[in-house]
Every structure is written in structure tokens, then in C-alpha cells.
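**Student:** Got a predicted structure plus its sequence, pasted below:
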Amino acid sequence: MKRLIAFVSIAVLTLCAAPKGQSQAILDETFTDGIYVENSLGEKTPLPLPTVREADVMWKKRIWREIDFRQKMNLGFYYPTVSHQNWKNFITIILDGMKEGKITAYEVETTDEMLTPISYNQFMSKQSDTTYRTFRRPYPPYDEYDTIIISQFDPSQVLRLRLKEDWYFDKQRSQLMVRIIAICPVRMRELETGDRVPQPLFWIPYESARNILAQAPYFNRNNSAGLLSYDEVFWKRMFDSYIYKEENIYDRSIQEYAQGVDALLESERIKQSIIDFEQYLWDY
């Protein structure tokens, strides 16, 4: 009788423990959202840039250009507006790098020089807009009252990116080359009138941001199996942009002396002058 009671007790305990063990195994099991685990960019490092000696540079021109995220070719910089998994848009990657202390940003100066560092907290506090509005109550005594409206920084308002780059001819390699020096996100700030004006946020030395950008995936619209990083997009020049300034004796941007269609034509003229310079070096 005792053996029967012991056998029944062991059987009951086994049946009770089995569902718990199975449910724990289900909880511990991880599922792959796809046919394989995408981790090819996790440990990726940027390709080393060629060393440039001053003696090898026989010609150089500094150019400032702007990337508009609303252009079809540049949509990968703006989307996704809501981050998920490891997929983030450009400004989110930059702000996360600043927050973690991996990227150093600098205040926007009148000369585009990077002199004054700005931290993530300092930047966010400066971007908080405070608006004072006066309203009238819709009920008696229908008096007016003042209200303070505080608007936090909205990353979706960052619609442009400025590049400061050097075009140069390396006589050691006999090649016209380009090097991105710094990048500057631009926020399209909405005024009370409803108009939008560009507001440069900060400058970042591109070299210091390459480690972060090399591990950040960029959506490849033609082949999602061919993962691209933001760093690859930049050095492969896989973006559409226009020139808004070239170095000149007056230190003026194109908009200061040309407007509308004339500004676009001037931008194209500067672009073509760089191409022509390289072509005139060779005889065919």
C-alpha cells in the first residue's frame, strides 16, 4: 500500500512539473524574424582613407553642399520616423551617438568653424521652444489669459544635411578625389506665421562619426540582402545634393548673390567647373 501511494505521488508531481518545464522552454526559445540573423554590420569598421600629403595636392577647392531628405534618392536618410530593432534614421543615429558620448558636436559659428563643443543635454535644452500665447475664455467673464507653450525638439523636422568637403587633385595618384570634412543636420523650423526657415543645428567632424555610421544600416531599396551602412552611402556618393557655396574671396554663399533659377544654374556651374578641371588635365 505504501509503495502504491509513493508511486501515485511521484506520478502526480511529474505531471505537474512537465507543463511548467515546457512553458519555460518556450519562453527561453528565441525566434529569428527572417531566414537568417542579420549581424553583418555589428562589428564593421570604416574603410581607412588614403593618407594625403600636402606636397601631393596640386589643386584643392572647398565646397559646401546640401542633401534634401525629401528627394527620392535621399529618403533613406529620413525614414523610418519611428526606430525599430537596429533600423534608425540619420538624425536619430547622430543624437544617440552624442548621448552616449561617442560623437562630439560643435556649435554653429558664422564661419563654419568647429570651435565650441556642445553636449547632448545642452543641445536639447536649446532646441526647446517656448511660446507665449494669449487666449480668451469661451465662457463668462470672457476674459483673456496668458499661456506658456513648451515644444520639445522634434527629430522629424530635420529635413536637410549640409556637407563641408574638399575636392583635390592628388598628383601622386593622378586622381581627382573628395574628402568630407564635416556634416551639419538642418532643421526646418516652423514660425508662427506658418513659414519654414532652415536652422543649422551643429557641426560634426565626419571622421569622428565614421565608426558610428559604419555600423548603422541604410535601407537598400534595390536589394535588402546587400546591407549598406551610412558610411558607405557617403563615400560611394549615393545621394542627391546641390552646391550652396564654394570658397571665394567674399566668403559668400550662392544665395547672397543669386536667387531662384540663377542660384541653381550657379550651383551647376560650380559642379561642372570641377569636372572640367579634371578633363583639361589629360590629352585624348
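**Tutor:** Everything's here; your move.

**Student:** quick one: contacts for Phe234?
**Tutor:** Ile180, Tyr206, Leu213 (Cβ atoms under 8 Å, 6 or more residues apart in numbering). C-beta coordinates here come from the backbone N, C-alpha and C atoms, glycine included.

**Student:** Quick one: classify it as helix, strand or coil.
**Tutor:** helix (DSSP: H, G, I helix; E, B strand; the rest coil).

**Student:** Report the separation between it and Asp195.
**Tutor:** 31 Å (Cβ to Cβ, to the nearest Å).

**Student:** what's next to stretch 184-195, contact-wise?
**Tutor:** Contacts of stretch 184-195 (Cβ under 8 Å, 6+ apart): 66, 90-91, 94, 108, 127, 131, 157-164, 196-204.

**Student:** avg pLDDT for the lengthiest strand in the chain?
**Tutor:** Across the chain, the longest stretch assigned as strand under DSSP state E is strand 175-190. Taken as a whole, strand 175-190 has an average pLDDT of 94.

**Student:** how distant is that strand from the center of its chain?
**Tutor:** Strand 175-190 sits 11 Å away from the centroid of its parent chain (Cα atoms, centre = their mean, to the nearest Å).

**Student:** Now do the buried residues in it.
**Tutor:** Leu176, Ile180, Ile181, Ala182, Ile183, Cys184, Pro185, Val186, Arg187, Met188 (16 or more other Cβ atoms under 10 Å).

**Student:** mind putting those residues in TSV, distance to Lys99 included?
**Tutor:** Below are the buried residues of strand 175-190 laid out as TSV (distance: Cβ to Cβ, whole Å):
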residue	distance to Lys99
Leu176	38
Ile180	23
Ile181	24
Ala182	20
Ile183	17
Cys184	18
Pro185	15
Val186	20
Arg187	17
Met188	23
